[in-house]
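*Asks:* next comes the sequence, and after it the predicted model I'd like to discuss.
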Amino acid sequence: MDSERIKSITNVMEYEAIAKEKLPKMVYDYYASGAEDQWTLQENRNAFSRILFRPRILVDVSNIDITTTVMGYKISMPIMVAPTAMQKMAHPEGEFATARAASAAGTIMTLSSWGTSSVEEVASTGPATRFFQLYVFKDRNVVKQLVRRAEKAGFKAIALTVDTPRLGRREADIKNRFALPPNLTLKNFEGLDLGTIDKTNDSGLASYVAGQVDRSLNWEDVKWLQTITKLPILVKGVLTAEDAKLSVQAGAAGIIVSNHGARQLDYVPATIMALEEVVKAAEGKVPVFLDGGIRRGTDVFKALALGASGVFIGRPVIYGLAADGERGVRKVLQMLHDEFELTMALSGCRSIKEITRAHITTPWDGPRVSPRL
């Protein structure tokens, strides 16, 4: 019955219901929930529906090229895999399956610091362009070791998460007393004395973060990171023009507009709503990427029309993985690829560079002056 259902899936949202049925409640809730009232969680999706298309017709769209370049690496589409923690909770193959699927799709996977597979294990799945997401721990030697290992394993950039000096209040995790299942470990920290994510009276992850992650993290640390690695640093978690400018000044090679999947501060705007402000502030000096709420090829197009150089997807990958392992992740990436290509064709765009701000209209646009023909 499951295999029939999986075969009949026609969009990435349909994997979530299957994942919910398959996964233990604690695990599904961990992946699915947001912070506090979960207003931003809903808004990350809803905001896309307020952006409408202005398609151009009678363009020859017999050949469409959706390839692009990110940080100098050519990829098959401007859709990449966001870092998501502890993927072996979703499927026994975890990050291995995700890495193989991303590689098969010709795109970039970002491995979480809190992966249940290590940088070396993910690298062992074969050559591919991969990024490493970094949390800065109180013990800077741990940070140095992690970054060196990522470099040695062939990872091509560091995505520095900057929105988590403390963990957001995720009430489902508190209710469930979230803990990492006993058969799993955070593989990047094996052999380091960094504690474990255990059952507490609260969220085990919140307790772990409170003990290990450095709350003093600031712009000086972004500069320090550049002294310990040659890898480009993407600042992940920017939502304002002010911080976009400071990111550029601090030497960031790119910016990821992210609200951490709406899991940190509730009532921040949807990332698609914050995107244009950040893009304008970056002034083309560094690429800006969008993370959060992408579920359709149309969403990808909207992000690119607002100035993003690419997007990262998180939960859809986890749900595809939970429902059908590597095949599920492959299909998620394939469906988004195909939908995005179709959106381009129907909007009259033959390549990424042909997607412009004039292809969409947003609630904050002024009255449009029609061109004299």
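*Replies:* Thanks, I have it.
*Asks:* C-alpha only now, for contacts and for neighbours.
*Replies:* Will do.
*Asks:* and G195, what pLDDT?
*Replies:* Each residue has a pLDDT score; the one for G195 is 56.
*Asks:* who's in contact with P181?
*Replies:* M89 (C-alpha atoms under 8 Å, 6 or more residues apart in numbering).
*Asks:* how far away is the nearest residue in space to M89 that is not next to it in sequence from H91?
*Replies:* Spatial nearest neighbour of M89, chain neighbours left out: V27 (6.6 Å); criterion: C-alpha to C-alpha, 6 or more residues apart in numbering. V27 is 11 Å from H91, where distance means C-alpha to C-alpha, to the nearest Å.
*Asks:* over to T356?
*Replies:* Taken as C-alpha to C-alpha, the span from T356 to H91 is 39 Å.
*Asks:* what do you get for A323?
*Replies:* Taking C-alpha to C-alpha, one finds A323 at 8 Å from H91.
*Asks:* between these two, which one's more packed in?
*Replies:* Under the criterion of other C-alpha atoms under 10 Å, the comparison of A323 against H91 puts A323 first, with 27 against 22.
*Asks:* correct me, but the more buried one touches M13?
*Replies:* No: assessed by C-alpha atoms under 8 Å, A323 is found out of contact with M13, at 11.7 Å.
*Asks:* what's around R54, how many residues?
*Replies:* 12.
*Asks:* can you give me the pLDDT of it?
*Replies:* In this model, R54 carries a pLDDT of 98.
*Asks:* ok now do it, which residues does it touch?
*Replies:* R54 touches S347, A358, H359, I360, T361, counting by C-alpha under 8 Å, 6+ apart.
*Asks:* and what of E151?
*Replies:* T229, L231.
*Asks:* assumed it was part of a helix.
*Replies:* Yes: checked against DSSP: H, G, I helix; E, B strand; the rest coil, E151 lies within a helix.
*Asks:* distance of it from A322?
*Replies:* 29 Å.
*Asks:* likewise for P92?
*Replies:* Taking C-alpha to C-alpha, one finds P92 at 9 Å from A322.
*Asks:* what's the answer for Q334, then?
*Replies:* 17 Å.
*Asks:* can you pick out the residue with more neighbours from the two?
*Replies:* Set Q334 next to A322 and count neighbours by other C-alpha under 10 Å: A322 wins out with 29 against 15.
*Asks:* Three-state assignment for the more buried one, please.
*Replies:* Reduced to three states by three-state DSSP, A322 is helix.
*Asks:* how many residues are close by the closest residue in space to it that isn't next to it in sequence?
*Replies:* Spatially, and ignoring its direct neighbours in sequence, A322 is nearest to A90 (4.6 Å; C-alpha to C-alpha, 6+ apart). For A90, the tally of surrounding residues (other C-alpha under 10 Å) stands at 24.
*Asks:* so what's A90 up against?
*Replies:* L23, V27, I318, Y319, L321, A322.
*Asks:* make it 7 Å
*Replies:* L23, I318, L321, A322 (C-alpha atoms under 7 Å, 6 or more residues apart in numbering).
*Asks:* phi, psi for the residue nearest the centre of the chain please.
*Replies:* Taking C-alpha atoms, centre = their mean, the centroid of the chain lies closest to A82, which sits 2.8 Å from it. The phi/psi pair for A82 (degrees, to the nearest 10) reads phi -70, psi 160.
*Asks:* what do you get for R130?
*Replies:* phi -140, psi 150.
*Asks:* shaky segments in the stretch 51-200 of the chain?
*Replies:* Residue ranges of the stretch 51-200 of the chain with pLDDT under 70: 193-200.
*Asks:* now do 90
*Replies:* When residues are selected by pLDDT under 90, those of the stretch 51-200 of the chain lie in 179-182, 185-186, 188-200.
*Asks:* the stretch 251-373 of the chain too?
*Replies:* For the stretch 251-373 of the chain, the stretches with pLDDT under 90 are 366-373.
*Asks:* all strands of it, in order?
*Replies:* 254-257, 288-291, 310-313, 360-361 (DSSP state E, counting those that start in this stretch).
*Asks:* now those strands as JSON lines including distance to R54 and mean neighbour count?
*Replies:* Shown next, in JSON lines, are the strands of the stretch 251-373 of the chain (distance: least, C-alpha to C-alpha, whole Å; neighbours: other C-alpha atoms under 10 Å):
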{"stretch": "strand 254-257", "distance to R54": "24", "mean neighbour count": "28"}
{"stretch": "strand 288-291", "distance to R54": "21", "mean neighbour count": "28"}
{"stretch": "strand 310-313", "distance to R54": "20", "mean neighbour count": "24"}
{"stretch": "strand 360-361", "distance to R54": "5", "mean neighbour count": "18"}
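*Asks:* tabulate these (a markdown table), appending distance to A282.
*Replies:* Formatted as a markdown table, these follow (distance: least, C-alpha to C-alpha, whole Å):
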| stretch | distance to A282 |
| --- | --- |
| strand 254-257 | 9 |
| strand 288-291 | 8 |
| strand 310-313 | 15 |
| strand 360-361 | 21 |
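*Asks:* which one of these lies closest to I6?
*Replies:* strand 310-313 (20.1 Å; C-alpha to C-alpha).
*Asks:* with just CA atoms, put that closest one into CSV.
*Replies:* What follows is strand 310-313, C-alpha atoms only, in CSV (Å, rounded to 0.1, in the frame of the first residue of the first chain):
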residue,chain,number,x,y,z
GLY,A,310,19.8,30.0,-5.5
VAL,A,311,17.7,28.3,-2.8
PHE,A,312,18.2,25.6,-0.1
ILE,A,313,15.5,23.1,0.8
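*Asks:* that one - contacts with which helices or strands?
*Replies:* strand 79-81, strand 288-291 (3 or more C-alpha pairs under 7 Å, 6 or more residues apart in numbering; DSSP states H and E).
*Asks:* and those strands as TSV, adding distance to W219?
*Replies:* Formatted as TSV, those follow (distance: least, C-alpha to C-alpha, whole Å):
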stretch	distance to W219
strand 79-81	26
strand 288-291	18
